[in-house]
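Asker: pasting the sequence and the predicted model now:
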Amino acid sequence: MKKTVLMLLTLFFGIALHADPVYIGDKVDGYDLTLYTETTPVVGNNDFFVTLKKDGKIVKDAKVKIKFFMPEMPGMPYMEYKAKGISQDDGSFKLPVNFSMGGTWQYHLKFKTGDDTVHKTRGSVTL
Ligand SMILES: [Cu+2]
């Protein structure tokens with residue numbers, strides 16, 4: 001009995017841990033946006049990064065915001081988590097995000113460029 005439970009647990013976590021780091025390329029209003037993590041996203045704290053490029057050149061003078069959310073489900077309220085981008089030396093923006101549970105998290109990402117225009121995109125990440 002104990003062995004079976006152990007085997008099932010191994011199988012379950014083996015599958016659960018199979019996920020890779022996030023790497024999502026996106027084209028938004030002529031900007032090339034990349035949303036990525038350096039490690040596999042987990043329940044708890046994660047660092048997401050965004051890089052923005054225009055005509056191949058990195059865009060540093062932007063303000064980036066992200067909102068991750070999960071719709072209400074039976075026995076589970078609506079959940080969301082917001083983060084603001086922190087400029088990094090390499091021109092990327094770091095977004096610290098805390099996921100309270102596994103599953104699919106949808107995101108809305110906004111960035112405001114130097115010309116005061118707000119650009120939006122959306123997608124999802126599964127952990
Ligand atoms: Cu949920």
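Answerer: Good, I have the coordinates. These numbers come from a predicted model, not from an experiment. Numbers count the residues shown, from 1 in each chain.

Asker: tell me the helix or strand right after the longest strand along the chain.
Answerer: Taking DSSP state E as the criterion, the chain has its longest strand at strand 44-54. Downstream of strand 44-54, the first helix or strand assigned by DSSP states H and E is strand 57-58.

Asker: for this structure, what spans make up the helices?
Answerer: With helices called from DSSP state H, the chain shows them at 2-16.

Asker: can you tell me how far the residue in the chain positioned nearest to the ion sits from L127?
Answerer: Closest contact between the chain and the ion, by C-beta to the ion, is at M70 (4.1 Å). No exception for glycine: its C-beta is placed from N, CA and C like everyone else's. Distance, M70 to L127, using C-beta to C-beta, to the nearest Å: 11 Å.

Asker: and the residue of the chain closest to the ion, how many neighbours does it have?
Answerer: Neighbour count of M70, defined by other C-beta atoms under 10 Å: 19.

Asker: which pLDDT value goes with it?
Answerer: M70 is assigned a predicted lDDT (pLDDT) of 96.

Asker: quick one: residues contacting it.
Answerer: Counting by C-beta atoms under 8 Å, 6 or more residues apart in numbering, M70 makes contact with 76, 78-80, 101, 103-106.

Asker: Provide the partner residues of it in its beta bridges.
Answerer: M79 (DSSP bridges).

Asker: check T34 too.
Answerer: Going by DSSP bridges, T34 forms beta bridges with G25, T51.
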